[in-house]
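Colleague: Prediction below, plus the sequence it came from.
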Amino acid sequence: MDMDALKRQAAARALEEVRDGMKLGLGTGSTAKHFVELLGEKVRAGMKVIGVPTSEATRADAIRCGVPLTTLDEVDHLDLTVDGADEIDHALNLIKGGGGALLREKIVAAASDRMIVIADDSKWVEVLGRFPLPVEVIPFGLAATEAAMARAFAQAGVSGQMIVRKGKDGHVFVTDGGHWIVDAHLGRIGDPPRLAGLLSVIPGVVEHGLFIGLGSVAVLAGAQGIRVVERR
Ligand SMILES: O=C[C@H](O)[C@H](O)[C@H](O)COP(=O)(O)O
């Protein structure tokens with residue numbers, strides 16, 4: 001089975017958790033896109049839900065699929081967020097932000113009672129860090145911010161190259177919030193909560209892609225079927 005079919009299966013399993021009347025966080029990326037499409041089918045069949053998109057891309061998808069939208073200014077709390085991830089470890093710590101949406105994704109996940117992480121099972125890892133850690137930064141003072149990040153990495157026992165993300169057009173990638181992303185190639189993050197805490201206090205860092213204690217359940221689709229893992 002191809003990867004895209006697995007992503008759709010994970011999305012379909014998460015959809016089973018959606019109830020009439022729910023306020024939903026709508027994730028970003030190729031897996032979350034399947035969820036939005038499947039949710040649209042439910043809405044067209046009469047289900048009443050309302051969603052908060054985590055990116056302009058997801059907003060456009062949701063509108064195309066007929067999913068009614070709101071904002072976190074109109075509702076301050078969501079029942080459930082369904083989103084993808086770039087890596088998931090056994091404690092359901094996540095690396096997110098491969099698509100550049102980590103800031104809104106984290107705000108939306110933090111405003112939700114539960115977060116279901118949907119993925120093909122290649123995202124399930126022993127230790128986070130093979131996927132470069134996205135860190136959303138303010139362009140002002142970038143060199144100083146990167147130096148502070150390097151010190152945080154050293155304190156957390158990791159190191160690696162930092163690369164400012166570029167888009168397909170070769171220009172610096174700009175997030176929906178108008179910031180840049182530094183991808184940190186760390187290889188292996190032994191203590192994700194510690195690194196998350198160290199990065200969070202750096203002034204030029206807007207947000208980082210370590211999601212700690214936010215994922216409630218992971219739905220992993222693989223060749224052997226679907227596995228649902230709850231955070232302990
Ligand atoms: O910024 C993007 C998000 O964090 C995505 O949820 C993540 O990159 C996973 O995307 P995909 O489902 O396309 O692998």
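Modeller: Okay, I see it. Everything numeric in this text was worked out from a predicted model, so none of it was measured.
Colleague: okay, the most centrally placed residue in the chain: pLDDT?
Modeller: By C-alpha atoms, centre = their mean, the mean C-alpha position of the chain lies nearest to Lys96, the distance being 4.1 Å. We have a pLDDT of 98 for Lys96.
Colleague: next one: the one 5 residues further on
Modeller: We have a pLDDT of 98 for Ala101.
Colleague: try Leu142
Modeller: pLDDT, Leu142: 98.
Colleague: which residues are contacting the strand ranked longest in the chain?
Modeller: Longest strand in the chain by number of residues (criterion: DSSP state E): strand 112-120. The contact list for strand 112-120 (C-beta atoms under 8 Å, 6 or more residues apart in numbering) reads 3, 6-7, 10-11, 13-14, 17, 25, 27, 31-32, 34-35, 77-85, 88, 92, 94, 109, 214-222. Quick note: C-beta positions are derived from backbone N, CA and C, even for glycine.
Colleague: Could you turn the buried ones of these into a ChimeraX selection?
Modeller: Here is the ChimeraX selection string for the buried members of the contacts of strand 112-120, based on 16 or more other C-beta atoms under 10 Å:
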select :6,7,10,11,13,14,25,27,31,32,34,35,78,79,80,81,82,83,84,85,88,92,94,109,214,215,216,217,218,219,220,221,222
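Colleague: Considering only the contacts of strand 112-120, which also neighbour the ligand?
Modeller: 27, 31-32, 83-85 (C-beta under 6 Å from any ligand atom).
Colleague: Looking at those, which are in strands?
Modeller: Short answer: these in strands (DSSP E) are Asp83.
Colleague: The longest strand of the chain: which residues count as buried?
Modeller: 112, 114-120.
Colleague: Check which residues of the helix or strand following that strand are buried.
Modeller: Note on strand 112-120: by DSSP states H and E, the next helix or strand toward the C-terminus is strand 133-137. For strand 133-137, the neighbour count (16+ other C-beta under 10 Å) marks 133-137 as buried.
Colleague: Which strands border strand 133-137, and is each parallel or antiparallel?
Modeller: Strand 133-137 has its sheet partners listed here by DSSP bridges as strand 180-185 (antiparallel), strand 205-208 (antiparallel).
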